[in-house]
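> model this:
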Amino acid sequence: MIVDCHVHVGLTKYRPVDDYLDAMKTHGIGRAVLVQHLGNSDNEYLERCVRERPDLFAGVALVDPRDSGAPRLVHEIGERGVLRGVRLPAGGTPSGVWRAMDTHRLVASVTGPFDDVAGDAFLDVVDRNPGVHFRLEHLGWLKLADDPPPYRGFRRFLRLAERRNTSTSWSGFFVNAGTPYPYPDAEPYLRMSLAAFGADRIMWSGDWNRAGGTDADYSAAVAHVTGHMPFLSAEDRDRVLGRSAGTIFGGNP
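Next up, the predicted model:
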């Protein structure tokens, strides 16, 4: 089963969930993780989508960590038990928010910038909150052209893989890679992340919600894994395309 680990739906900036349901049928996507988009901390629509189709969707809310009520909001999300995680930045999130995440054993879908994700301060956050699973979006939000060989920045990022409560996503290449599809400049980073995290802590997204994206683009995103990564075993592909997200975000998916 294919699971897309990072899908934005909405009523304003992004297309509604019904459009994505059609895309799931067209492209053979079995389940998906709906992730609240940046700038919108109103999670009502997202939560409703998950409540209505828990067989298809898990959800990740957004909480503004600068809000003095952020720890309370995280507690409320955890107590309701509908959404599986909260999207938070690696830098600038107060310790009280991380403690609330830890209390409810939520998944943190971690945003950049990359230097914050790869920095020592965030490494300490991960160590201090073992009850949180930290899903590091888009290979830490790395712009590949910013970290050429010998990949000093990316190697700092890979220190996070030593912590078992972390994972990362193969996604966002259409904006973060320096070459067009199938993104040949991404291969060294894919290989290094696979060696560090293992396929059971890497998950895929096809960037369905990209601006100007087409059905062909979404099909190509699946083919990027199935047809352009010969270094993956069949079991690795199965994990990256679905089983890893299913395990980390729970059974639905």
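> In stretch 228-245, which residues are buried?
Using 16 or more other CB atoms under 10 Å as the burial criterion, the residues of stretch 228-245 that qualify are 228-229, 232, 236-237, 239-245. For the C-beta atoms, the positions are set from N, CA and C on the backbone; glycine is no exception.
> To clarify, my last question referred to stretch 158-168.
Those would be 158, 160-161, 165-168, for stretch 158-168 by 16+ other CB under 10 Å.
> same thing with stretch 91-107?
91, 93, 97-104, 106-107.
> quick check, distance from that stretch to the centre of its chain.
Per CA atoms, centre = their mean, to the nearest Å, the displacement of stretch 91-107 from the mean C-alpha position of its chain is 17 Å.
> Stretch 87-97 now?
That offset, for stretch 87-97, works out to 16 Å (CA atoms, centre = their mean).
> what does it contact?
35-36, 38, 60-63, 65-66, 70-71, 74, 101, 108-113, 116-117, 119, 121-122, 125, 128 (CB atoms under 8 Å, 6 or more residues apart in numbering).
> What is the neighbour count of Pro150?
7 (other CB atoms under 10 Å).
> helix/strand/coil for it?
Of the three states, Pro150 takes coil according to DSSP: H, G, I helix; E, B strand; the rest coil.
> Show me what the helix or strand in which Cys5 is found is packed against.
Here Cys5 sits within strand 2-7, counting by DSSP states H and E. Judged by 3 or more CB pairs under 8 Å, 6 or more residues apart in numbering; DSSP states H and E, strand 2-7 is in contact with strand 29-35, strand 202-204, helix 244-248.
> can you list the residues that contact stretch 217-224?
Contacts for stretch 217-224 (CB under 8 Å, 6+ apart): 2, 23, 26-28, 173-174, 181-183, 204-208, 210, 241.
> Which among the residues you listed count as buried?
2, 23, 27, 173-174, 182-183, 204-208, 241.
> Kindly reformat those residues as TSV containing secondary structure.
Formatted as TSV, the buried ones among the contacts of stretch 217-224 follow (three-state DSSP):
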residue	secondary structure
Ile2	strand
Ala23	helix
His27	helix
Phe173	helix
Phe174	helix
Pro182	coil
Tyr183	coil
Trp204	strand
Ser205	coil
Gly206	coil
Asp207	coil
Trp208	coil
Leu241	helix
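> Now the two most distant members of the residues you listed.
Maximum pairwise distance among those (CB to CB): 21.2 Å, between Ala23 and Tyr183.
> on that earlier part again, in strands only, show me the buried residues of stretch 91-107.
Among these, the members found in strands (DSSP state E) are Val107.
> Now the lengthiest helix in the chain: average pLDDT?
Longest helix of the chain, by residue count under DSSP state H: helix 215-227. Helix 215-227 comes out with an average pLDDT of 95.
> CA atoms only for the helix or strand that it is followed by - export them in CSV, please.
Under the assignment DSSP H and E, the closest C-terminal helix or strand after helix 215-227 is helix 234-238. Extracted in CSV, the C-alpha atoms of helix 234-238 (Å, rounded to 0.1, in the frame of the first residue of the first chain):
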residue,chain,number,x,y,z
ALA,A,234,12.1,-4.3,-3.0
GLU,A,235,11.5,-4.2,0.7
ASP,A,236,13.1,-0.8,1.0
ARG,A,237,10.7,0.5,-1.6
ASP,A,238,7.8,-1.0,0.2
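> what's around Phe134, how many residues?
Neighbour tally, Phe134, other CB under 10 Å: 24.
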